[in-house]
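> below are the sequence and a predicted model; questions follow.
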Amino acid sequence: MNLFKPFVYLVKWIKSLFPKIRTYQIENTLVFLVLVTVALVSGSTMIEWIGVMAVFVTFNHAIVSNRLEEAEGMRIKEGIASQVACYKKQTKYFVLKEILWFAYFILLGAWSALAGVVIFLIYPLWRKAWRKY
C-alpha cells in the first residue's frame, strides 16, 4: 500500500486547495487524462476515442460499485445486517473480469481498453490505501 501513499497525499492536497471537490471527481480527472494520453499516443483513431469514452464511463460505474461495496462492508462492521449478502463477491468478479478483458484486449491491440484494465485493477488497491491513510 505504500506505493499509493504519495497519491493519497496528492489527492488530499488537491482537496485542500478545492474544499468542495469530491474524491471521485479527482479520480475521474486523473483517469480521463491517462486515457486521453493513451489515445493520443496510440494514433487517435475514432475507434480508440470510442474506447476512451467506454472505459471512462465504465470507470464511473466501477466507482459507484466500489462505494456501494464499501458502504455494505461498513454496515457489517457496525453490526447491521447486510442488505446484499453477496457484496463480498463484487471485488473477486471485478478482478476476474478485468484479467479476462486484459487477455482479450491485448490480442486485439485495443490500447485504451488495456489502459482501462490496468486502471480498474489498480483501483481497488487505491481505494484501500485511500481509506487507510
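Yep, it's here. Numbering: from 1, shown residues only.

> just give me the neighbour total for residue 114.
Neighbour count for residue 114, taken as other Cβ atoms under 10 Å: 20. (C-beta placed from N, C-alpha, C; glycine too.)

> low-confidence bits of the chain, can you list those?
1 (pLDDT under 70).

> now the helices for it?
5-17, 23-41, 46-77, 89-108, 111-132 (DSSP state H).

> export those helices to TSV and append columns for distance to residue 83.
TSV is the format used below for those (distance: least, Cβ to Cβ, whole Å):
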stretch	distance to residue 83
helix 5-17	29
helix 23-41	22
helix 46-77	7
helix 89-108	13
helix 111-132	20
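
> just those: most buried one?
helix 111-132 (a mean of 18; mean count of other Cβ atoms under 10 Å).

> helices and strands around that one, which ones?
helix 5-17, helix 23-41, helix 46-77, helix 89-108 (3 or more Cβ pairs under 8 Å, 6 or more residues apart in numbering; DSSP states H and E).

> in the protein, what residue sits furthest out from the centroid?
Most distant from the centre of the chain: residue 79, at 28.1 Å, with distances by Cα atoms, centre = their mean.

> residue nearest the centroid of the protein?
Short answer for the chain (Cα atoms, centre = their mean): residue 123, at 3.9 Å.

> tell me the contacts of that one?
59, 62-63, 66 (Cβ atoms under 8 Å, 6 or more residues apart in numbering).

> ok, residue 21 next?
With Cβ under 8 Å, 6+ apart, residue 21 has these contacts: 14-15.

> kindly report the same for residue 37.
Contacts of residue 37 by Cβ under 8 Å, 6+ apart: none found.

> now distance to residue 116 too, for the helices and strands packed on helix 111-132, in CSV please.
Formatted as CSV, the helices and strands packed on helix 111-132 follow (distance: least, Cβ to Cβ, whole Å):
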stretch, distance to residue 116
helix 5-17, 18
helix 23-41, 7
helix 46-77, 3
helix 89-108, 8
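
> for residue 131, which of the ones you listed is the nearest?
For those, the distance to residue 131 is smallest for helix 46-77, at 7.4 Å, taking Cβ to Cβ.
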